[in-house]
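K.L.:
any chance you could fold what I've pasted below:
(2 chains)
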Amino acid sequence: MTLLDFARGPALEIAFAVFALGVPWRLLSLLLLPWAKDRSVARANAPSALVGAASGFVRHLWPPKAYRRSALFPTINSYVFHIGLAIIVFGFAQHILFLHGLFGVTWPNLPAGLIAVVSVITLASLIAALVRRLTSPVLKLLSTFNDYFSWLVTFLPVVTGLVAVSHLWAPYETLLAVHILTVALFLIWFPFGKLMHSFLVFLTRSETGILYGRRGVEI
Amino acid sequence: MDDRETIGELLARRGVSRRALLKYTSYLASLLALPPMASQAMADALAKTRRQSVIWLSFQECTGCTESLTRSFNPTIEDMIFDIISLDYQETLMAASGTAAEAARLTAMAANKGKYIVVVDGSVSTKDGGVYSTNAGKTNLEVLKETAQDALAVISVGTCAAFGGIPHARPNPTGAEPVSQIITDKPVINISGCPPIPEAMAGTIAYLVTFNKLPDLDHLNRPRAFFGDSIHDRCYRRPFYDRGLFAKGFDDEGARRGWCLYEVGCKGPVTHNACATLKWNGGVSFPIQSGHGCLGCSEPNFWDKGGFYTPLASSTATNSEVIAGAAAVGAAVGAASAWLTRRRRDKAREQTPS
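P.N.:
Sure thing, here's the model as predicted:
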């Protein structure tokens, strides 16, 4: 069995299985916990939980004026690499083929040249996020292995994918295998690290939105 | 024919001029990516060399490799290759049959001990002592071991001999193995392909005869001159791949416009062969030019790589039961974890004095 055979077969199978095991584990262990009843008196004209959650989610898409100066760069940078990753994952022809094989749905791809440009921008953005984490004294203190490793498993598929598409340094079959293995690593780490925010962000921001919508006084 | 006759003398007797020999060797030199001066050296060396004794063994195969070599549209090369070698045993081509044929093999082995080349096409059955493929009362396994014992080198022609090929495909009922798994004490050159390109076979044999050494080989023992580049690297449809323009089927607009066949399963990016440069039928075409993706036939286990029409980007992990099972286990563990937390809270409440 070649490295590519291993990557396309057993490695991805194990990664899918770990991902499929970990995500419901994390989600259900949170969602089935007892919900603490908010005993505070709701403020006048408090929105319903659903509206509070939605408005809280929308409000947090952009930093408030008071924090804008310090939060503007990380916010924009985060948007850049998140949108970049989405374009790469859902716009590149080979990735659409991969997803088609899994879910049976397909859609038109973006030009490969555009994906290459987006990949380079995404890489630069991810590096900027790491540099900020390493240079900001506060962020550095708050960062743990989880932050750095989650960054690494996100960075590796992008860089190995770009190298594979460019056919640099090694035979394509090796580059493709390494790229798929990094994706497998990403999937395995996903449920157990901070990458789980892809799901949990909807819970946390909704919870905060509900809380802010109910408490305090009407402004 | 006098066995001591050199190739030069033979060609002269047949009326082949030195100019024709130089044309042939310059063609071979360019095929093998040798420097221009090598053609002169090859012509001189070939003229002075005695014809190389070759014993061709056919095992679990379809004769496609022999067809490829003999049905070439470039007869000068193949005529020439049969002039520079003495094909002492080849079941498909030889006139002799039965015990006379076997005698020819044994005679050639005895007369050229340590100097003859063994060419093998077809994989070797090894299961149950190799009884699934026999010839003249002997298993292929026995004949290969016996013949290769005093050989100078072994050339595995075709993917079956080189890597096991189709007989080696799952579930491999005959225990088919490539020659290199059985012959480990002699140099083995693999000229893979289903079938291999005639020029790759002819060029490699000519190189061995001329220089009396092995050509530069890759990690799978294939001559780099023919297997150094991937089909994809030399494919004329590559610009469409780079631009992300793919045929989605064999009769859509993309297919008619000659776009890249990656999405319909082309294995060109991971296949090393010279199809895209030397092509077939005298340089007329090759599979991708004819509108079909590369099957990857010159690579090991090409038959078992997830389907000819499955794109290379797709996962070959198809065991959805495992993934569904993992999801069910994950959900159960998550629910159990939440239940334990609830129970812990309830116990704590009970113990807390009100």
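
K.L.:
show me where pLDDT drops low in chain B?
P.N.:
Scanning chain B for pLDDT under 70 picks out B:1-4, B:71-82, B:354.

K.L.:
just to check, B:Cys266 is in contact with B:Cys260?
P.N.:
Yes: the criterion here is Cβ atoms under 8 Å, and B:Cys266 meets it with B:Cys260 at 7.3 Å. In short, each C-beta sits where N, CA and C put it, glycine included.

K.L.:
neighbour-wise, which of those two wins?
P.N.:
Legend: neighbour count by other Cβ atoms under 10 Å in any protein chain shown for B:Cys266 and B:Cys260, higher for B:Cys266 (29 against 25).

K.L.:
secondary structure element holding that one?
P.N.:
For B:Cys266, there is no helix or strand it lies in under DSSP states H and E.

K.L.:
so what pLDDT did the most far-flung residue of chain A relative to its centre get?
P.N.:
Ranked by distance from the centre of chain A (Cα atoms, centre = their mean), the top residue is A:Ala44, with 37.0 Å. Here the pLDDT value assigned to A:Ala44 is 80.

K.L.:
and for A:Phe199?
P.N.:
pLDDT, A:Phe199: 91.

K.L.:
so what's it up against?
P.N.:
By Cβ atoms under 8 Å, 6 or more residues apart in numbering or on different chains, the residues touching A:Phe199 are A:23, A:26-27.

K.L.:
how about the secondary structure of B:Thr107?
P.N.:
Secondary structure, DSSP: H, G, I helix; E, B strand; the rest coil: B:Thr107 is helix.

K.L.:
tell me how many other residues crowd it.
P.N.:
B:Thr107, neighbours per other Cβ under 10 Å, totals 12.

K.L.:
which regions of chain A lie under the pLDDT threshold?
P.N.:
Across chain A, the ranges flagged by pLDDT under 70 are A:217-219.

K.L.:
mind jotting down where the strands sit in it?
P.N.:
Counting by DSSP state E, one finds no strands in chain A.

K.L.:
equivalent analysis for chain B, please.
P.N.:
Using DSSP E, the strands of chain B run over B:52-58, B:85-90, B:117-121, B:124-125, B:134-135, B:138-139, B:153-157, B:176-177, B:188-191.

K.L.:
partner strands of the third one, parallel or antiparallel?
P.N.:
Okay, so that is strand B:117-121. Looking at strand B:117-121 with DSSP bridges, its partner strands are strand B:52-58 (parallel), strand B:153-157 (parallel).

K.L.:
same question, the last one
P.N.:
Each strand that pairs with strand B:188-191, with its direction, by DSSP bridges: strand B:153-157 (parallel).

K.L.:
could you export the strand it pairs with as PDB, keeping only the C-alpha atoms?
P.N.:
C-alpha atoms of strand B:153-157 as PDB (Å, rounded to 0.1, in the frame of the first residue of the first chain):
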ATOM      1  CA  ALA B 153      19.600  -9.600 -15.600                       C
ATOM      2  CA  VAL B 154      15.900  -9.900 -15.600                       C
ATOM      3  CA  ILE B 155      13.500  -7.500 -17.400                       C
ATOM      4  CA  SER B 156       9.900  -7.600 -16.200                       C
ATOM      5  CA  VAL B 157       7.800  -6.500 -19.100                       C
END
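
K.L.:
pull the distance from it to the chain's centre.
P.N.:
Between the mean C-alpha location of strand B:153-157 and the chain-wide mean there is a distance of 11 Å, by Cα atoms, centre = their mean, to the nearest Å.

K.L.:
contacting residues for residue 134?
P.N.:
Since no chain was named, I'll use chain A. By Cβ under 8 Å, 6+ apart, the contact set of A:Leu134 is A:Lys140.

K.L.:
my question was about chain B, not that one.
P.N.:
Applying Cβ under 8 Å, 6+ apart, we find B:Thr134 in contact with B:Asn140.

K.L.:
distance check, the spatially most central residue of chain B against chain A.
P.N.:
In chain B, the centroid-proximal residue (Cα atoms, centre = their mean) is B:Ser192; its distance is 1.1 Å. Distance, B:Ser192 to chain A, by Cβ to the nearest Cβ, to the nearest Å: 14 Å.

K.L.:
brilliant, that's me finished.
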